[in-house]
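**Student:** A predicted structure for the sequence below; I have some questions about it.
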Amino acid sequence: MARLVLVLGDQLTPELAALRAADRASDVVLMAEVAEEAGYVPHHRKKLALVFAAMRHFAAELRAAGWQVDYTRLDDPANRGHLRGEVERALARHGLDAVIVTEPGEWRLLEELQRWPAATLLADDRFIADRHGFARWATGRKGLRMEHFYRLMRRKTGLLMAGDQPAGGQWNFDHDNRQRPPEGLIPPDPPRFAPDAITREVLDMVEQRFPGQFGSLHPFWFATDRAGAEAAFAHFLHHALPDFGRYQDAMLQGHRFLFHAVISPYLNLGLLDPLALCRAAEAEWQAGRVPLNSAEGFIRQIIGWREYVRGIYWWRGPGYARENALDAHRPLPAFYWSGETDMACMRACITQTREEAYAHHIQRLMVTGNFALLAGIDPYELHEWYLAVYADAYEWVELPNTVGMSQFADGGLLASKPYAASGAYIDRMSDYCRGCAYDVKAKEGPRACPFNLLYWHFIARHAERLRRNPRMARMVQLWAGFTPDRQARLRHDAAAFLATLG
Ligand code: FAD
Ligand code: DLZ
Ligand code: SF4
């Protein structure tokens, strides 16, 4: 009996479980652009264009490989606007009554697909750790730490291993990876891809259908097919990976991408294979072209962090999105959308986000995330922002990074301490402070860097909890040692700043 094979927008992998289980000769593949998926958050317009253009290119790739592909466009007048409606229409069109689909990357959609009577769901095995295995590993452990999980993944894959021990005698070379960017550093920008006819058609559609939505659509430079994604990765491997490690935490006004890979949009769509990327990075190290700290740092991000956050997402269940251990309820300030703020670091990161649909990890974690943590922004509102504004944002990866790593809203399940930092950190790792209306060295008064004021406000607000955390107790003691006058001035200045957020 022939079946309908539903392929979702972030399942653009020829070896996808549902495609492996299907029969090319008789089954029909369905791909559908639908308003519901385009609208669960106000996705950046570059992200919308990337997803639709990549879906259309993948449909062409499947057809060329002999599949019968039924594809609904967003602007098709008969489009019912949701996946269920499009599946029902396709079943009727082809006289079919069974659907196979690979598990999606979100609880929202998983719970919906599980309610479809005609659907068989298959595990998504494009990851190194399977989600049920992660849950078994995590359940009952006293403290979850990425580093322990990462070592398991190194042993499982054999990446950078010398027998049973890590290559170079260490599992992790992070201490080599925190260099301040020197003056005159010229990083290699990622390659830019000129839109082809398929992508240009999508760009016109997004322009028309989402005119006022967040995010610059042009210039659109993402790759939209597998060959382009592979070329982008090859460029990173040869030009940026050697310096990836040491400048991983750096931020520079004029260099938005530094030595980062800028591959997460492709990886999360399924255009690149995580293990193949890691093997290629390992081979560069073996050939002597890349230092071990860079290869290890890159591999750790992929087989460590990426897999770990996915495991946490599925293990913690749908309720994880609403966790709010620090009881933070301030609404997201409007400047997260406009970029209009006197804080040069926030302005730079948000403007870059609006223009590129990309910011690297430290910009997300230590600028926009750190500010929200210190200011007590509602983590759910912040989560919706991160899910909307980045081209690589899918809930399975975005949510634990936001709720767990960046906002400590899970009470320390994912991160051992809150990623809270004053302006000094941003000044050390970037050139943002030079052009700022605030003074990063000022700790009090009207020109004091807001990160400095809010840092102590944060420590004071959460002193009870933080004093029990061995990595934060010293800061609580420092705060307690300030004179009552100084504490009062800091509280007053921070409150005055917070009042300006609306
Ligand atoms: P590189 O720095 O070059 O790293 C290489 C690869 O490692 C990335 O492509 C990515 O696949 C992986 N990686 C690195 N760090 C992480 C991490 N913490 N979690 C998962 N994978 C990681 N990443 C997403 O892919 N989608 C998201 O929606 C997302 N939201 C985030 C939200 C917040 C608040 C924070 C702090 C981080 C978030 N990240 C997210 C993680 C990270 O910022 C991005 O993966 C990275 O910036 C992507 O850029 P790159 O490809 O240049 O990465
Ligand atoms: C992100 C996205 C968008 C914008 N549009 C579609 C779409 O029209 N059709 C589709 O099948 N998938 C889309 N996606 C990806 C899904 O939202 C994604 O599969 C789920 O969020 C699960 O990760
Ligand atoms: Fe950001 Fe403070 Fe530096 Fe201004 S002074 S750029 S607000 S860290």
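**Tutor:** Received it, and whenever you're ready, just let me know what you need. Numbering: from 1, shown residues only. Ligands and ions are numbered 1, 2, ... in the order given.
**Student:** I'd like the average pLDDT over stretch 495-502.
**Tutor:** Across stretch 495-502, pLDDT averages out at 93.
**Student:** If you could redo that for stretch 100-112, that was the one I meant.
**Tutor:** 98.
**Student:** and that stretch, does that touch ligand 2?
**Tutor:** Yes: against ligand 2, stretch 100-112 shows contacts by CB under 6 Å from any ligand atom at 104, 105, 106, 109. For glycine as for every other residue, the C-beta is placed from the backbone atoms N, C-alpha and C.
**Student:** For the stretch 351-500 of the chain, what lies in contact range of ligand 2?
**Tutor:** Residues of the stretch 351-500 of the chain lying near ligand 2 (CB under 6 Å from any ligand atom): residue 394.
**Student:** Swap in 8 Å and give it another go.
**Tutor:** 394, 395, 396 (CB under 8 Å from any ligand atom).
**Student:** Pull up the gap between the last one and residue 131, please.
**Tutor:** Right, residue 396. 9 Å (CB to CB, to the nearest Å).
**Student:** Show me whatever sits in contact with both of these two.
**Tutor:** 310, 314 (CB atoms under 8 Å, 6 or more residues apart in numbering).
**Student:** quick one, which of these two is more surrounded?
**Tutor:** residue 396 (23 against 18; other CB atoms under 10 Å).
**Student:** now the residues of stretch 100-112 next to ligand 2 as TSV including secondary structure and neighbour count?
**Tutor:** TSV is the format used below for the residues of stretch 100-112 next to ligand 2 (DSSP: H, G, I helix; E, B strand; the rest coil; neighbours: other CB atoms under 10 Å):
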residue	secondary structure	neighbour count
104	coil	24
105	coil	22
106	coil	21
109	helix	18
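**Student:** from those, which is closest to residue 380?
**Tutor:** Using CB to CB, residue 106 is the member of those that lies nearest residue 380, at 15.1 Å.
**Student:** Let me see the backbone angles for that closest one.
**Tutor:** When quoted as degrees, to the nearest 10, the phi and psi of residue 106 stand at phi -150, psi 140.
**Student:** can you pull the contacts of it?
**Tutor:** Counted by CB under 8 Å, 6+ apart, residue 106 has contacts 394, 395, 396.
**Student:** Ok, residue 103 next?
**Tutor:** 110, 113, 121, 122, 123, 124 are the contacts of residue 103 under CB under 8 Å, 6+ apart.
**Student:** now the strands for this protein?
**Tutor:** Under the criterion DSSP state E, the chain contains strands at 4-6, 28-32, 68-72, 99-102, 119-122, 161-162, 165-166.
**Student:** any idea which of the ones you listed is most buried?
**Tutor:** Most buried of those, by mean neighbour count (mean count of other CB atoms under 10 Å): strand 4-6, with a mean of 24.
**Student:** who in the protein is up against ligand 3?
**Tutor:** Residues of the chain lying near ligand 3 (CB under 8 Å from any ligand atom): 342-346, 348, 367, 423, 426-427, 430, 432-433, 435-440, 449-452.
**Student:** can you list the weak-confidence ranges in the chain?
**Tutor:** Applying pLDDT under 70 to the chain flags no residue at all.
**Student:** Kindly state the domain boundaries assigned to it.
**Tutor:** 4-122, 131-190+240-313, 335-499 (automatic domain parsing).
**Student:** could the ones you listed go into TSV alongside distance to ligand 1?
**Tutor:** Shown next, in TSV, are those (distance: least, CB to the nearest ligand atom, whole Å):
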stretch	distance to ligand 1
domain 4-122	10
domain 131-190+240-313	3
domain 335-499	3
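**Student:** Residue 206 is nearest to which of these?
**Tutor:** When the domains of the chain are compared by CB to CB, domain 4-122 sits nearest residue 206, at 4.7 Å.
**Student:** What's the end-to-end length of the closest one?
**Tutor:** 14 Å (CA to CA, to the nearest Å).
**Student:** Beta-bridge partners for the nearest residue to residue 114 once chain neighbours are set aside, please?
**Tutor:** Of all residues not flanking residue 114 in the chain, residue 121 sits nearest, at 6.8 Å (CB to CB, 6 or more residues apart in numbering). Beta-bridge pairing for residue 121 (DSSP bridges): residue 101.
**Student:** I figured residue 121 hits residue 101, correct?
**Tutor:** Yes: using CB atoms under 8 Å, residue 121 is in contact with residue 101, at 6.0 Å.
**Student:** and for these two, which residues touch both?
**Tutor:** Here residue 121 and residue 101 have residue 113 as joint contacts, going by CB under 8 Å, 6+ apart.
**Student:** What is the nearest of the contacts of residue 103 to residue 377?
**Tutor:** residue 110 (27.8 Å).
**Student:** and the gap between the closest residue to that closest one other than its chain neighbours and residue 268?
**Tutor:** Take residue 110 and drop its neighbours on the chain: the residue closest to it by CB to CB, 6+ apart is residue 104, 5.6 Å away. Between residue 104 and residue 268 the computed distance is 12 Å (CB to CB).
**Student:** for residue 453, same thing?
**Tutor:** 36 Å.
**Student:** Which residue of the two possesses the greater neighbour count?
**Tutor:** Taking neighbours as other CB under 10 Å, residue 453 and residue 268 compare with residue 453 leading, 28 against 21.
**Student:** picking up where we left off before, between the contacts of residue 103, which is nearest residue 88?
**Tutor:** Comparing the contacts of residue 103 against residue 88 with CB to CB places residue 113 closest, at 13.4 Å.
**Student:** correct me, but the closest one touches residue 122?
**Tutor:** No: counting by CB under 8 Å, residue 113 does not reach residue 122; the two are 10.9 Å apart.
**Student:** quick one: common contacting residues for the two?
**Tutor:** 101, 103.
**Student:** Residue 372: neighbour count?
**Tutor:** 24.
**Student:** What's the local residue count around the residue lying closest to it once chain neighbours are set aside?
**Tutor:** Leaving out its chain neighbours, the residue that sits closest to residue 372 by CB to CB, 6+ apart is residue 382, at 5.0 Å. Neighbourhood size, residue 382 [other CB under 10 Å]: 24.
**Student:** List the contacts of residue 382.
**Tutor:** By CB under 8 Å, 6+ apart, the neighbours of residue 382 are 332, 369, 372, 402, 406, 407.
**Student:** which non-adjacent residue is nearest residue 473?
**Tutor:** Using CB to CB, 6+ apart, the nearest residue to residue 473 is residue 467, at 5.3 Å.
**Student:** number of nearby residues for that neighbour?
**Tutor:** With other CB under 10 Å as criterion, residue 467 counts 17.
**Student:** Ramachandran angles for the closest residue to residue 337 other than its chain neighbours?
**Tutor:** Nearest non-adjacent residue to residue 337, counting by CB to CB, 6+ apart: residue 214, 5.9 Å away. Note on residue 214: its backbone torsions stand at phi -60, psi 140 [degrees, to the nearest 10].
**Student:** And stretch 19-36, how far out from the chain middle?
**Tutor:** Distance, stretch centre to chain centre, for stretch 19-36: 27 Å (CA atoms, centre = their mean, to the nearest Å).
**Student:** gap between the two ends of it?
**Tutor:** End-to-end distance (CA to CA), stretch 19-36: 24 Å.
**Student:** what does that stretch rub up against?
**Tutor:** 2-7, 9, 13, 52, 55, 58-59, 62, 65-74, 79-83, 85-87, 90, 94, 96, 100, 122.
**Student:** what's the answer for stretch 277-292, then?
**Tutor:** By CB under 8 Å, 6+ apart, stretch 277-292 touches 157, 159-160, 167-168, 173, 233, 237, 241-242, 245, 263, 267, 294-295, 298-299, 302-303.
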